[in-house]
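**Student:** Need a 3D model of the sequence below.
(one chain, ligands or ions: 2)
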Amino acid sequence: MSDAPILTFDAPSKLGKVVSVDTSRVLIAVENAALLPRAAVGSLVAIQGTTAQEFLIGMTERVTRQLREQTAQPDPMAPTTLAVEVVPDDALRAVLLGTYRTIEGTVRNRFKRGADSFPQIDRDCFLIEGGNLQRFMGLLGKDLDEKQRLELGHFVIDRSAAAIANGDRFFQRHAAILGSTGSGKSCAVSLILERAHARKHANIVVFDMHGEYASLANPPAREGSIAPPPIASAFKIAGPGDLAKPTENTLFLPYWLLNREEMLSMILDRSDQNAPNQAARFTTHVRGLKDTTLKDEKQETVRATFTVDSPVPYKLTDLLVKLREDDTGMKPGTAKAEIKGDWNGKLTRFISRLEAKAEDRRYGFMFKPPDAALKYDWLAKQIVNLLAPANEKPGIKVVDFSEVPSDVLPVVTGVFARMLYDVQFWMQPEKRTPFVFVCDEAHLYLPVREDADAVEKQALYSFERIAKEGRKYGVSLLVVSQRPSDVSRTILSQCNNFLILRLTNDQDQNVVRRLMPDSLAGVLDGLPLLDTGEALLLGDAILLPARIKLKFPAIEPLSQTRNFWQEWGEKAPDSAAVAAAVETLRRQSRTAAKIA
Ligand SMILES: Nc1ncnc2c1ncn2[C@@H]1O[C@H](COP(=O)(O)OP(=O)(O)O)[C@@H](O)[C@H]1O
Ligand SMILES: [Mg+2]
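**Tutor:** Ligands and ions are numbered 1, 2, ... in the order given. Just a heads-up that it's a prediction; the model follows:
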């Protein structure tokens, strides 16, 4: 870019003058009525700063024309009639976003966030449009190093300018993609994954609730051309149909990975009067069984410091044996006869709850892991497979949670995230590769704390910890949701970058408003009006909050959008498929149905 100032204004582009200032907002009296129709909400204005080289940049929040009646100039032909004419008062309100200088020290054309000075009354204001706008938008991504550029689409106010975020900043302190259903969230996720894939060693784990992102690992062929190469590896939490023949991409989360609280949140009924006894005996036995494993494995160093929460394998059957011994145990009485032991009869309900879960095939990924998953070195292999896969495999991992029962979904996502986070935590700092969890449909497992049950609280605990401390260890969250008002506030308020698509619900809009600085309230008023694939990009990854049109991803996620009207015209219901689905429902496995 040449050294010439990128913003130059001539008299016709002068909009008017500042008439009032209130911290971050300015009111501009529009003198050039011809320019007013060209200024829309979201357009940019420049206000002359304290020196000739400085302009404060603002974004239009409101454009008004008020009609006022005034006495007209007396008509020289009919001086006795007093005419009243209607004249417009044009005004424009803008929120200040940054400061532009044509020269700052030795640097030419510098834009920075924040207004360096307050605008002064009567200062000249200009509308940034045409060549000025093009050059200005180009300036926004200019200082970004090639290595940091995350190109997301183009700006709506200037379609020729690419909207480029700072990829480092975008992920550094968590980000969120929010928008009503059908607004384009999944496509935005695909686009970001596609961009990340272009980095050589992207490290992303996607929690895929509906199997939507399977297409990224197995791109469908498009009409007339071959399928594009995959950008992700597919993993799946084992469903009932995967238990018999798991593949290397079938994931198990064996019960022994769960810490004490996670396990108890699923099994313990806190209203049971014996709950404290049950929790205590469970803890004692699990610790004992883990100790035995460590002894057998000759892991004496681990044995010296492990806790009941350490992920050490043990056999569930052994735990059940020990609990039953307690539950039926007798002890010597005062007389010769034996009397009931201390825990006799107190664990019965706990045991039956545990057995019920252990026998339910839907929980097979947890309670019926393959024998290999009880080996001591199994865990390291699994985590390596996820965090540091062999070189030829894509570093983006799409994990399909679609067959996980909804009542344990929070524990499963929570345990999964906690395991990977803990490994990263304990890794040598200089050896860590940063990674991101993409939490799709976050409202399903990261609810608002007041609404959370015992199981959900466990997931919240894991994710809130990542939200608060993850940055230090190179772990970040990308929270995606259509119901921001149902997502944990703690987590959302830790997010520093937002891609907000069309959001129609009032409650959701209010949550988003509360997350943003007050000055952006006007910009957010446009949320219900955004087109599909249009978003407000806000946060420290971009110099200026901006309305952008997202690029459509090369590989579309498997859409849930059905064309009811068209399909009713074209496709008859398939009776065999309906009958087969009934069997699938009985089996609780889609995989099995495909084989049959
Ligand atoms: N950037 C975009 N440009 C054009 N169309 C888009 C864009 N993003 C999404 N769409 C369309 O909108 C529909 C819904 O998108 P999707 O990402 O599934 O929404 P969501 O995940 O928010 O429900 C899709 O059928 C897709 O074709
Ligand atoms: Mg979606």
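
**Student:** Please count neighbours and contacts with C-alpha atoms only from this point.
**Tutor:** OK.

**Student:** how about the residues of the stretch 451-596 of the chain that lie near ligand 1?
**Tutor:** Contact residues, the stretch 451-596 of the chain versus ligand 1 (Cα under 6 Å from any ligand atom): 532, 533, 550, 551, 552, 559, 561.

**Student:** Select from these the one having the most neighbours.
**Tutor:** Taking other Cα atoms under 10 Å as the neighbour criterion, residue 550 ranks highest of these with 24 neighbours.

**Student:** OK, contacts around that one?
**Tutor:** Counting by Cα atoms under 8 Å, 6 or more residues apart in numbering, residue 550 makes contact with 152, 153, 154, 188, 533, 534, 535.

**Student:** And for residue 582?
**Tutor:** Listed by Cα under 8 Å, 6+ apart, residue 582 has no contact partners.

**Student:** Quick one: the helices in the stretch 301-450 of the chain, in order.
**Tutor:** Assigned helices in the stretch 301-450 of the chain, in chain order: 316-328, 348-359, 364-367, 378-387, 409-426 (criterion: DSSP state H, counting those that start in this stretch).

**Student:** Contact residues of this structure facing ligand 1?
**Tutor:** 179-187, 532-533, 550-552, 559, 561.

**Student:** of all the contacts of residue 550, which two lie farthest apart?
**Tutor:** 154 and 188 (13.3 Å; Cα to Cα).

**Student:** Looking at the two, which one has more neighbours?
**Tutor:** Counted by other Cα under 10 Å, residue 154 and residue 188 do not tie: residue 188 has more neighbours, with 25 against 21.

**Student:** tell me which residues in the host helix or strand of that one are buried?
**Tutor:** Secondary structure from DSSP states H and E places residue 188 in helix 185-197. Going by neighbour count (16 or more other Cα atoms under 10 Å), the buried part of helix 185-197 is 185-197.

**Student:** Of those, which is the nearest to residue 361?
**Tutor:** Distances from residue 361 to the buried residues of helix 185-197, taken by Cα to Cα, are shortest for residue 186, at 30.3 Å.

**Student:** Output the below-cut-off pLDDT ranges for the stretch 1-150 of the chain.
**Tutor:** 1-2, 74-75, 78-82 (pLDDT under 70).

**Student:** now the closest residue to ligand 1 within it: how far from residue 395?
**Tutor:** Proximity of the stretch 1-150 of the chain to ligand 1 (Cα to the nearest ligand atom) peaks at residue 150, 15.2 Å away. Distance from residue 150 to residue 395, counting by Cα to Cα, to the nearest Å: 17 Å.

**Student:** Enumerate every residue touching the residue in the stretch 201-350 of the chain that ligand 1 sits nearest to.
**Tutor:** Residue nearest to ligand 1 within the stretch 201-350 of the chain: residue 212 (8.7 Å; Cα to the nearest ligand atom). Listed by Cα under 8 Å, 6+ apart, the contact partners of residue 212 are 557, 558, 559.

**Student:** which residues does residue 149 form a beta bridge with?
**Tutor:** residue 166 (DSSP bridges).

**Student:** go on, residue 113?
**Tutor:** The partner residues for residue 113, given DSSP bridges, come to residue 98.

**Student:** quick one, what contacts it?
**Tutor:** 97, 98, 99, 543, 544.
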